[in-house]
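Trainee: what follows is a predicted structure for the sequence shown.
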Amino acid sequence: MGYFLMLLSTLSLGITLGANDAGNVFGAAVATRFIKYRTAVILIFIFVLIGSILQGGKGIDTLRAVTNQNVNTSVLVGLVVAGVGIIFTFLGQPISLSQSVVGGLLGLGLSQKTLDIGIIEKIVLSWITAPLGACMCALILYKFFNAIFSNLSIGILQRELIIKVGLIIAGVIGAYALGANNVANTVGMFAGVWSETSTIELTFLGGASIGIGALLFSRSVMMNIGEGIVALDGFSAFVSVVSSGVTVYIFSIIGVPVSTTHTIVGAVVGVGIHHGFHTLKFKTIREILLSWVFAPAICLILTSSGYAIFIA
Amino acid sequence: MLFKAQRLIEQKISNYCETALRCVKEGIKVLIKCMEAKECEEWREMIHEVHRAESSADDLRREIEYFLFSRSLFPESRGDILGLLEKLDRIPNQIQSSVKMVLEEQIRIPDLVKEELEQIAITTEKCVDITIKSVNLLFSDFKSSLELLGEIDAYESEVDRFQSKAIEKIFSSDLDPLQKILLRDLVNEISFVTNYAEEAGDFMRIIIVKRMI
């Protein structure tokens, strides 16, 4: 039963992650019709799997060594986060699943009386700095790329082709990074327990579950990112994706872990600000911001309650 | 595959432009000959060339539309290209309609407006020529196309001036009232060509500007 629950937790977490985070890498490209939804999800599936297998093992090995949660608490957090993630994904809201995991772990900390306030500070700081940074980055990069494109002697179809190729490359890199960075979030919690399972098998399981999530359930979040916040054109979509990637890279150099969900939303808002505040759909932005607060908060409450009911 | 598709579309549009321009040039030739000659009958054969060119342009337009619709290529430019083709297509249609009007309604052009009508015809040809050049530039260096669009407007204004002058002359003459109306309609009919060229130019301006913001 324990193994079944662990497998269920892994798969549901992976599928939810794939469904929700696929929008971060190809949402803008799909919503602007530059890349077909089917093509995008197939590319995500392939490159998430490659990223997981080639570079996801390190994260799993690290978690295998350092995880201090037992099977019951890991299953509880996994199922709660997956459940909350599924709900928000079906609502089309892009949320940060890693922050939901942190929310869940905070709930456990609250129940086990080992709550670390520092983590909450980090989450709140990340909510503000990541989207704000991506927004600023998008404003700067929009002008930068616009200056480059303005100096090119190209036709309208060549321009579109450059943007399309740029979106595919950025999406493929994003999908690879999604697999490499997040596969540990799906199977890492149980890596210590599944000691007989090889790392490559675990990365395949995690990667495949993320890929399946993207293949089956990613459309609503993708469309919300690419259409819901502001109506993007191809160039704006390209700037958004690149800005999101550059922001994540800058923050990783500084040493602050940020969510790609936060950066892509921030970047899209930045592009919207460039076009004028009137182009922004504030209702969607408000809903997204609320879901960023609600998702970890709900995870905190549910894991805390779950711990009290089933484990304590 | 994408690069091949891009080249193919560009080639098809270039062919369309060439055909549309041929249609306009043939049409203008017929109109000028009709103005020079008292009888237009001998030029009746020439209208077939105009019709053939107009018909070929229609076929090419349909081919491009089918190509763009059947494959999900260039989603951003597809709407713009189809819209532009729709605008451009009015130009050969209009010149054909003007030529048919002269021949079918057997309009004889009196000397008093010959000069203005010739100027309208010559300026119209120049205007369409620049329009077609702008369309071709849209697919090789779209920003340079913007520079030519001003010339389209200038030619259109020139035609407007000749049009007003011609209509004034027609109605201040002692021609038969029915002939006056027919002549006015013919002047307006020919002048519509540059109006459509200007509309295509305005559409191209939007296509370019929205890619430069």
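Mentor: Nice, thanks for sending it over. Numbers count the residues shown, from 1 in each chain, chains lettered A, B, ... in the order given.
Trainee: I'd say residue A:179 and residue A:47 touch.
Mentor: Yes - checked against CB atoms under 8 Å, the pair residue A:179 and residue A:47 is within contact range at 6.6 Å. Using the backbone N, CA and C atoms, a C-beta is placed for each residue, glycine as well.
Trainee: more neighbours: these two, which one.
Mentor: Neighbour count, other CB atoms under 10 Å in any protein chain shown: between residue A:179 and residue A:47, residue A:179 has more, with 29 against 23.
Trainee: what helix or strand is that one located in?
Mentor: Residue A:179 belongs to helix A:156-187 when assigned by DSSP states H and E.
Trainee: that helix and chain B in contact?
Mentor: Yes - if you take CB under 8 Å from any CB of the partner chain as the test, helix A:156-187 does meet chain B, through A:156-161, A:163-165.
Trainee: just those now: which is nearest residue B:59?
Mentor: residue A:157 (21.7 Å; CB to CB).
Trainee: correct me if wrong: that closest one contacts residue B:77.
Mentor: Yes - using CB under 8 Å, residue A:157 and residue B:77 qualify as a contacting pair, with a distance of 5.7 Å.
Trainee: does the residue most central in space within chain B belong to a helix or a strand, and which?
Mentor: With distances taken as CA atoms, centre = their mean, residue B:91 lies nearest the centre of chain B, 3.0 Å away. Element membership of residue B:91 [criterion: DSSP H and E] is helix B:75-104.
Trainee: now do the buried residues in that helix.
Mentor: The neighbour-count criterion (16 or more other CB atoms under 10 Å in any protein chain shown) identifies B:75-78, B:80-81, B:84-85, B:87-103 as the buried residues of helix B:75-104.
Trainee: hmm, back to that, need the residues of helix A:156-187 next to chain B in JSON lines (columns: distance to residue A:274).
Mentor: What follows is the residues of helix A:156-187 next to chain B, written out as JSON lines (distance: CB to CB, whole Å):
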{"residue": "A:156", "distance to residue A:274": "21"}
{"residue": "A:157", "distance to residue A:274": "24"}
{"residue": "A:158", "distance to residue A:274": "23"}
{"residue": "A:159", "distance to residue A:274": "18"}
{"residue": "A:160", "distance to residue A:274": "20"}
{"residue": "A:161", "distance to residue A:274": "23"}
{"residue": "A:163", "distance to residue A:274": "16"}
{"residue": "A:164", "distance to residue A:274": "21"}
{"residue": "A:165", "distance to residue A:274": "23"}
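Trainee: buried ones among those residues?
Mentor: So, of these, A:156-161, A:163-164 end up buried under the neighbour-count rule (16+ other CB under 10 Å).
Trainee: orientation of the one helix or strand residue A:247 maps to relative to helix B:75-104 in degrees?
Mentor: Mapping residue A:247 onto the secondary structure by DSSP H and E places it in helix A:234-254. For the pair helix A:234-254 and helix B:75-104, the angle between their directions (axes from the mean of the first three to the mean of the last three CA atoms, to 10 degrees) equals 170 degrees.
Trainee: quick one on the thing from earlier: any residue of the helix or strand following the helix holding residue B:91 up close to chain A?
Mentor: Following helix B:75-104 in sequence order, the next helix or strand is helix B:111-138 (DSSP H and E). Yes - in this structure, helix B:111-138 sits against chain A according to CB under 8 Å from any CB; the contacting residues are residue B:138.
Trainee: quick one: low-confidence parts of chain B?
Mentor: B:1, B:38-43, B:72 (pLDDT under 70).
Trainee: which parts of it sit against chain A?
Mentor: Neighbours of chain A within chain B, by CB under 8 Å from any CB: B:2-3, B:6, B:9-10, B:72, B:74-77, B:80, B:138-144, B:207, B:210-213.
Trainee: now the buried members of those residues.
Mentor: Those of the residues of chain B next to chain A that meet the buried threshold are B:6, B:9-10, B:74-77, B:80, B:138-140, B:142-143, B:207, B:211, by 16+ other CB under 10 Å.
Trainee: can you name every helix or strand that the strand or helix carrying residue B:64 contacts?
Mentor: Counting by DSSP H and E, the secondary-structure element that holds residue B:64 is helix B:44-70. Secondary structure elements in contact with helix B:44-70, counted by 3 or more CB pairs under 8 Å, 6 or more residues apart in numbering or on different chains; DSSP states H and E, are helix B:2-36, helix B:75-104.
Trainee: got the angle between it and helix B:75-104?
Mentor: Angular relation of helix B:44-70 and helix B:75-104 on a 0 to 180 degree scale: 160 degrees, by the same axes, to 10 degrees.
Trainee: re earlier: farthest pair within the buried ones among the residues of helix A:156-187 next to chain B?
Mentor: In those, two members sit farther apart than any others by CB to CB. They are A:156 and A:164, at 12.5 Å.
Trainee: show me what contacts residue B:166?
Mentor: Contact criterion CB atoms under 8 Å, 6 or more residues apart in numbering or on different chains gives B:113, B:116-117, B:120, B:183, B:187 as the residues in contact with residue B:166.
Trainee: now residue A:312
Mentor: The neighbourhood of residue A:312, defined by CB under 8 Å, 6+ apart, consists of residue A:111.
Trainee: can you rerun that using 10 Å?
Mentor: Going by CB atoms under 10 Å, 6 or more residues apart in numbering or on different chains, residue A:312 touches A:111-112, A:306.
Trainee: how about residue A:295?
Mentor: Residues touching residue A:295, when contacts are defined by CB under 10 Å, 6+ apart, comprise A:20, A:81, A:84-85, A:87-88, A:93, A:95-97, A:99-100, A:103, A:261.
Trainee: mind checking which of those land in helices?
Mentor: Assigned to helices by DSSP state H, the following of the contacts of residue A:295 qualify: A:20, A:81, A:84-85, A:87-88, A:97, A:99-100, A:103, A:261.
Trainee: all strands of chain A, in order?
Mentor: Remark: strands of chain A are absent; assignment by DSSP state E.
Trainee: thinking again about what came up before, in the helix holding residue A:247, what's buried?
Mentor: By neighbour count with 16+ other CB under 10 Å, helix A:234-254 contains the buried residues A:234-248, A:251.
Trainee: the residues you listed: which ones sit near chain B?
Mentor: Here is what survives when the buried residues of helix A:234-254 are matched to chain B using CB under 10 Å from any CB of the partner chain: A:234-237.
Trainee: from those residues, which is closest to chain B?
Mentor: Here the nearest of those to chain B, counting by CB to the nearest CB, is residue A:234; it sits at 4.8 Å.
Trainee: per-residue confidence for that closest one?
Mentor: According to the model's per-residue confidence, residue A:234 sits at a pLDDT of 89.
Trainee: so who does it touch?
Mentor: Contacts here follow CB under 10 Å, 6+ apart; on that basis residue A:234 touches A:28-29, A:32-34, A:159-160, A:162-164, A:166-167, B:74-77, B:211.
Trainee: ok, now with 7 Å
Mentor: A:32, A:34, A:160, A:163, B:76 (CB atoms under 7 Å, 6 or more residues apart in numbering or on different chains).
Trainee: I appreciate the help and will end here.
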